[in-house]
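In: predicted structure and sequence below. I'll ask about it afterward.
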Amino acid sequence: MKELRSWRDFPIGGIISEPGNSIENDMSGWRNEKPEIDQEKCIRCRICWTYCPDAAIIEEEKPYTTKTGKSYKLTYIVDYQHCKGCGICAQECPVKAIKMIPEV
Ligand code: SF4
Ligand code: SF4
C-alpha cells in the first residue's frame with residue numbers, strides 16, 4: 001500500500017499547493033470517532049456515498065447476503081485513510097446502519 005502524507009505534514013496555514021491532492025493525504029490521524037457500517041442493516045441506498053464530503057465511502061461490487069437471506073450485489077465500506085470522522089454518513093443513513101465509534 002502506498003505511504004500517504006499525514007495532515008501533520010501540511011504547510012503552515014494549510015495551503016493547498018496542488019489542486020485535487022486529497023487522495024495523497026492520510027486524514028485518519030485527526031478523527032476521534034469513526035463510522036462503522038452494519039452490513040446486516042444496510043439497504044444499499046447509497047446515501048452515505050453521496051453525502052460523504054471526503055469521498056470516503058467506497059462502493060464495492062462485492063455480493064453480500066444477510067442472515068435473513070436478503071442478497072445485494074454491492075457492499076459499502078469506509079476508506080479509513082480518508083475519513084475525517086465528521087459523522088455525516090451516520091446522520092444521513094435512513095436505517096441507522098452506521099454507528100460512530102470511538103477511535104482508539
Ligand atoms: S464520517 Fe464523514 S468523512 Fe467519514 S465516511 Fe462518514 S461522512 Fe465520510
Ligand atoms: S446510507 Fe446506510 S443504508 Fe444507505 S448505503 Fe449507506 S450504510 Fe447503507
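Out: The structure has been received and is ready for your questions. Numbering: from 1, shown residues only. Ligands and ions are numbered 1, 2, ... in the order given.
In: read off the pLDDT value for E18.
Out: E18 is assigned a predicted lDDT (pLDDT) of 80.
In: hang on, it in a helix?
Out: No - using DSSP: H, G, I helix; E, B strand; the rest coil, the assignment for E18 is coil, not a helix.
In: tell me how many other residues crowd it.
Out: Per other Cβ atoms under 10 Å, the neighbour tally for E18 reads 6. Glycine gets a C-beta too; all of them are placed from N, C-alpha and C.
In: also I57?
Out: I57: 23 surrounding residues under other Cβ under 10 Å.
In: check C42 too.
Out: Neighbour tally, C42, other Cβ under 10 Å: 19.
In: show me what contacts the nearest residue to it once chain neighbours are set aside?
Out: Distance criterion Cβ to Cβ, 6 or more residues apart in numbering; nearest residue to C42, sequence neighbours excluded, is A97 at 4.2 Å. Contacts for A97 (Cβ atoms under 8 Å, 6 or more residues apart in numbering) come out as I37, D38, Q39, K41, C42, I43.
In: element containing the fifth one, please.
Out: Under the criterion of DSSP states H and E, C42 resides outside all helices and strands.
In: quick one on the thing from earlier: I'd like to know which of the contacts of A97 are buried.
Out: I37, C42 (16 or more other Cβ atoms under 10 Å).
In: distance to ligand 2 and pLDDT added to the contacts of A97, as TSV?
Out: Below are these laid out as TSV (distance: Cβ to the nearest ligand atom, whole Å; pLDDT from 0 to 100):
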residue	distance to ligand 2	pLDDT
I37	5	98
D38	8	98
Q39	8	98
K41	7	98
C42	3	98
I43	5	98
